[in-house]
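> quick one: sequence and predicted model below, then my questions.
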Amino acid sequence: MADEALFQFLHYEVIQYIYKFPENGEAENGRSITKLENMGFRVGQGLIERFTKETPRFKDELDVMKFVCKDFWTCVFKKQIDNLRTNHQGIYVLQDNKFRLLSQLSAGKQYLEHAPKYMAFTCGLVRGGLSNLGVKSIVTAEVSVMPACKFQVMIQKI
Amino acid sequence: MTVHNLYIFDRNGTCLHYSEWNRKKQAGISKEEEFKLMYGMLFSIRSFVSKMSPVDMKDGFLSFQTSRYKLHYYETPTGLKFIMNTDLSVSNARDTLSHIYSTLYVEYIVKNPQCMLGDSLQSELFTSRLDAFIKSLPYYRAA
């Protein structure tokens, strides 16, 4: 589909741009990843408003996470999260076995050190969506074998 | 029925990828010289074909064959050139080559942010999928 390729290419260009022009004192990797994550945060906030226009209120946190795994992921990546695990104490692990933004990159270990850059935006996306639904969280991602990846969501009790 | 080897060149003449499956005889020159020879020959043949064509040209140069092998040529609008040597039983490999371009090259190289245009193709994913695809062709049989 044309719009999927458009978003992918744009996403890659954004990553290249952020890494090519670090501002003064920003040579470390961490600041660029934070920028990408903050971009994703704003996009996620806006997206979740659109997607939940007609849905009823969520019963609890678990319901919110299930919505993110099913409807939100389907709207953005055209597939659902493959596995959701929780310890019922505020930590959720979302596993996607064929993450769309990584599936063209490699099928194993090649380019593994570059993978975090491509996950940062999506982490922000999830965090932004959750924050607009009233759930404050920290989202991190980990990749061991592409294109499978795991997003860990830690809910912050205010 | 078999595929011998495959070359991919970009529009500047750089050889982006080369793989062989069934090559019995080497050219006797280094790989770089072989790529330059192949590209130079194709460039000359294409301009020859277009100049000497007695009718209006549609696709231009498509293939040549000897008594032992046939060379198939496919060029994309972006200047990417795919050359495949097979044995004589393969009459038309254009669909195969255009499939390699659209399903393998575009998907795994163009859409891969780590692959810069003009660099040789490093992605292992591309190489393994290409290998699997060639081996699945109906006219491939490992000699």
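Done, it's in.
> only C-alpha atoms for contact and neighbour calcs from this point on.
Fine.
> who does the biggest helix by length in chain B touch, helix- and strand-wise?
Ranked by residue count under DSSP state H, the longest helix found in chain B is helix B:31-52. Packed against helix B:31-52, as judged by 3 or more C-alpha pairs under 8 Å, 6 or more residues apart in numbering or on different chains; DSSP states H and E, are no other helices or strands.
> how about residues contacting it?
B:9, B:13, B:15, B:27, B:57, B:60-61 (C-alpha atoms under 8 Å, 6 or more residues apart in numbering or on different chains).
> tell me the buried residues in it?
Within helix B:31-52, the residues scored as buried using 16 or more other C-alpha atoms under 10 Å in any protein chain shown are B:35, B:38-39, B:42, B:50.
> ok, so of those residues, who is nearest A:F151?
B:F35 (45.4 Å; C-alpha to C-alpha).
> before we move on, the earlier item: and which of the buried residues of helix B:31-52 is nearest to chain A?
Nearest to chain A among the buried residues of helix B:31-52 is B:F35, at 26.8 Å by C-alpha to the nearest C-alpha.
> which SS state does B:S91 fall under?
Per DSSP: H, G, I helix; E, B strand; the rest coil, the secondary structure class of B:S91 is coil.
> where does chain B have low pLDDT?
In the predicted model of chain B, residues B:1, B:142-143 satisfy pLDDT under 70.
> about what we covered before: next structured bit after the longest helix of chain B?
strand B:63-65 (DSSP states H and E).
> neighbouring strands of that next one in the sheet, and parallel or not?
Looking at strand B:63-65 with DSSP bridges, its partner strands are strand B:70-75 (antiparallel).
> tell me how far the strand it pairs with is from the chain's mean position?
Taking C-alpha atoms, centre = their mean, to the nearest Å, one finds strand B:70-75 lying 6 Å from the centre of the chain it belongs to.
> what's the angle between that strand and helix B:31-52?
Per axes from the mean of the first three to the mean of the last three C-alpha atoms, to 10 degrees, the angle that strand B:70-75 makes with helix B:31-52 is 80 degrees.
> from A:G44, how far out is the residue most central in space within chain A?
By C-alpha atoms, centre = their mean, chain A has its centre lying nearest to A:T122, at 2.2 Å. Distance of A:T122 to A:G44, computed by C-alpha to C-alpha, to the nearest Å: 9 Å.
> now stretch A:14-21: mean pLDDT?
Stretch A:14-21 shows a mean pLDDT of 83.
> now stretch A:114-130
Average pLDDT, stretch A:114-130: 89.
> mind listing what's buried in it?
Using 16+ other C-alpha under 10 Å as the test for burial, stretch A:114-130 gives A:115, A:117-130.
> with stretch B:78-89 instead?
For stretch B:78-89, by 16+ other C-alpha under 10 Å, it's B:80-88.
> return the member of those nearest to chain A.
B:L80 (19.9 Å).
> B:Y7: which element?
strand B:3-9.
> strands paired with the next helix or strand after that strand, and their directions?
Per DSSP H and E, the first helix or strand lying C-terminal to strand B:3-9 is strand B:15-20. Here strand B:15-20 is paired, per DSSP bridges, with strand B:3-9 (antiparallel).
> hmm, who's touching the strand it pairs with?
B:15-23, B:39, B:80-87, B:134, B:139-141.
> ok, now stretch A:137-155?
Contacts for stretch A:137-155 (C-alpha under 8 Å, 6+ apart): A:90-100, A:102-103, A:105-109, A:112, A:115-116, A:119-120, A:123-124, A:126-127, A:130-131, A:135-136, A:156.
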